[in-house]
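Colleague: No letters, just coordinates:
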Ligand SMILES: [Zn+2]
């Protein structure tokens with residue numbers, strides 16, 4: 001027999017439920033009120049802004065923006081130069097949905113990159129919160145150009161022992177390959193020439209990869225295998241592989 005004094009009366013649960021509903025309603029009102037004191041970077045109901053400081057809700061906002069093509073383009077338009085294009089469908093396995101032609105993110109130019117909005121938005125987050133701060137701290141310069149070697153490529157996955165049957169994430173433009181950067185003072189930093197070593201350029205590239213792992217779902221570099229000796233392979237999909 002249970003002790004009747006320990007049994008919660010109905011009125012307790014009714015009050016508990018009422019309190020919960022009121023709390024939820026109050027919290028929502030506080031978030032959507034036009035003069036809410038909650039900073040936009042902390043407010044999950046305000047869409048992502050690339051320039052906002054990073055908070056515990058930033059990744060959630062990024063996921064929301066990537067899931068909604070119109071929102072993705074809108075967020076991107078505040079920080080990047082690009083042309084939105086209609087979906088490109090080449091085959092069942094090879095296509096670019098939410099297609100953009102990207103020519104800059106933040107303060108860095110990028111030679112015309114045909115990709116999907118998700119990759120462009122992840123690049124914008126990486127440029128602002130990872131690459132530029134690392135370049136300022138370690139190299140004393142801004143990045144003026146991000147050098148890429150493509151996003152969309154209708155091909156199977158390549159391994160060190162040859163091609164596999166499975167299609168690469170490049171076949172749906174869910175990946176981009178980054179070869180290096182050019183700095184505002186003209187210096188060129190590339191994975192091929194600067195990854196090995198102990199100097200500032202090598203430190204920058206290591207920091208660049210570490211921060212890419214925050215803004216992409218998968219990041220493969222020179223330590224992964226020799227096919228990645230000259231670029232970071234950065235993916236919109238995956239489970240956090242960072243090597
Ligand atoms: Zn790649």
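Modeller: Thanks, I have the structure now. What you see is a predicted model, and the numbers here were worked out from it, not measured in a lab.
Colleague: Show me the helices in the chain, by range?
Modeller: 10-32, 58-67, 69-77, 117-126, 132-139, 191-194, 200-215 (DSSP state H).
Colleague: so which of these gets nearest the ion?
Modeller: helix 117-126 (11.0 Å; Cβ to the ion). For every residue, glycine as well, the C-beta is placed using N, CA and C.
Colleague: Is the closest one in proximity to the ion?
Modeller: No: contact of helix 117-126 with the ion (Cβ under 5 Å from the ion) is absent, the minimum separation being 11.0 Å.
Colleague: Touching that helix from outside, list them.
Modeller: Contact with helix 117-126 is made by 50, 62, 65-66, 69, 72-73, 75-76, 79-80, 82, 84, 98-100, 102, 105-106, 110, 113, 146, 151, 173-176, 211-212, 214-216, 234, 236, as judged by Cβ atoms under 8 Å, 6 or more residues apart in numbering.
Colleague: Let's see that with 7 Å instead.
Modeller: 50, 62, 65-66, 69, 72-73, 75-76, 79-80, 82, 98, 100, 102, 105-106, 151, 173-174, 176, 211-212, 215-216, 236 (Cβ atoms under 7 Å, 6 or more residues apart in numbering).
Colleague: And stretch 221-229, by the same measure?
Modeller: 158, 160, 191-192, 195, 209, 220, 232, 243.
Colleague: ok, of these, which come out buried?
Modeller: For these, a burial check counting by 16 or more other Cβ atoms under 10 Å picks out 191, 195, 209, 220, 232.
Colleague: Against which helices or strands is the lowest-mean-pLDDT helix or strand in the chain packed?
Modeller: Scoring the helices and strands of the chain by mean pLDDT, DSSP states H and E places strand 162-167 at the bottom, with a mean of 84. Using 3 or more Cβ pairs under 7 Å, 6 or more residues apart in numbering; DSSP states H and E, the elements in contact with strand 162-167 are strand 156-159.
Colleague: hmm, back to that, reformat the helices of the chain as TSV; add mean pLDDT.
Modeller: Output for the helices of the chain, formatted as TSV (pLDDT from 0 to 100):
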stretch	mean pLDDT
helix 10-32	88
helix 58-67	97
helix 69-77	98
helix 117-126	98
helix 132-139	98
helix 191-194	96
helix 200-215	98
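Colleague: what residues does the protein put near the ion?
Modeller: Residues of the chain lying close to the ion by Cβ under 5 Å from the ion are 175, 177, 233.
Colleague: can you tell me which residues contact the last one?
Modeller: To tie it back to what came earlier, the one meant is residue 233. 175, 177, 220 are the contacts of residue 233 under Cβ under 7 Å, 6+ apart.
Colleague: Please render those residues as CSV that adds pLDDT to the earlier fields.
Modeller: CSV is the format used below for the contacts of residue 233 (pLDDT from 0 to 100):
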residue, pLDDT
175, 98
177, 98
220, 97
